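>>> how does the following fold in three dimensions:
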Amino acid sequence: MSATGSRTGRAPNRRSAVGLEPEVERSITIEDVSADKLYRRWRDPDTLRRIMAPFADVQPTGDGQTRWSAGHDLGSWTMRLADDQPGEFMRWEAQDDGALIREASVRFRPAAGNRGTVVVLRASLDPPGGMLGRVATRMLNDTVPGALASKSLHFFKALVQTGEIPTIERQPAARPDPR
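Residues are numbered from 1 along each chain as shown. Now for the predicted structure:
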């Protein structure tokens, strides 16, 4: 399983009423799987719930909407599927003020040399703490949001290629040897 995960660069930050909204963009190449198949898999509500598990609990509520909960400190919000181009692109918008993710999108495009599909995940964030939270996120170079986006993409790739997401839960590794 050869994988390439990369940071594809960052789009210019959008201006909000109070300052710049941080954005994060990450990509991964998934070999030998068509964009259409990846698109259908991402549209599955169970897939989104599973690949976003390290970050938030995602529950479908119907009509293209999902309820996201990122814990007590980060709150919960509703996302609505706003743009849908089958096999190519999906974009969600937050429906609530104070949502941690204001907008998110996933794009599917052919990889160079006919080697599979590049999946690009992009999110516009509104970190807690207002302008100070946005500044702190930018000062840390979007490290935490970038790591979460990368992890979600790797989870998606594993799920597509193997049918499961790797975990270290319930494994005896790192336990002291009783001898």
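
>>> ranges for the helices of the chain?
For the chain, the helices defined by DSSP state H occupy 35-43, 45-51, 130-139, 143-162.

>>> out of the ones you listed, nearest to R26?
helix 143-162 (4.3 Å; CB to CB). In short, each C-beta sits where N, CA and C put it, glycine included.

>>> extract the C-alpha trace of the closest one and format it as CSV.
Extracted C-alpha coordinates of helix 143-162, given in CSV (Å, rounded to 0.1, in the frame of the first residue of the first chain):
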residue,chain,number,x,y,z
THR,A,143,-0.8,22.6,13.0
VAL,A,144,-3.7,21.0,14.9
PRO,A,145,-6.4,21.5,12.2
GLY,A,146,-3.9,20.3,9.6
ALA,A,147,-3.1,17.1,11.6
LEU,A,148,-6.8,16.4,12.0
ALA,A,149,-7.5,16.8,8.3
SER,A,150,-4.5,14.5,7.4
LYS,A,151,-5.7,11.9,9.9
SER,A,152,-9.2,12.0,8.5
LEU,A,153,-7.9,11.5,5.0
HIS,A,154,-5.7,8.6,6.1
PHE,A,155,-8.7,7.0,7.8
PHE,A,156,-10.7,7.4,4.6
LYS,A,157,-8.0,5.8,2.5
ALA,A,158,-7.7,2.9,4.9
LEU,A,159,-11.4,2.4,5.0
VAL,A,160,-11.7,2.4,1.2
GLN,A,161,-8.8,0.1,0.7
THR,A,162,-9.2,-2.4,3.6
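
>>> who are the contact partners of the nearest residue to S152 once chain neighbours are set aside?
With CB to CB, 6 or more residues apart in numbering as the criterion, S152 has its nearest non-adjacent residue at 4.8 Å, and that residue is I51. By CB atoms under 8 Å, 6 or more residues apart in numbering, the contact list for I51 reads S152, L153, F155, F156, L159, I165.
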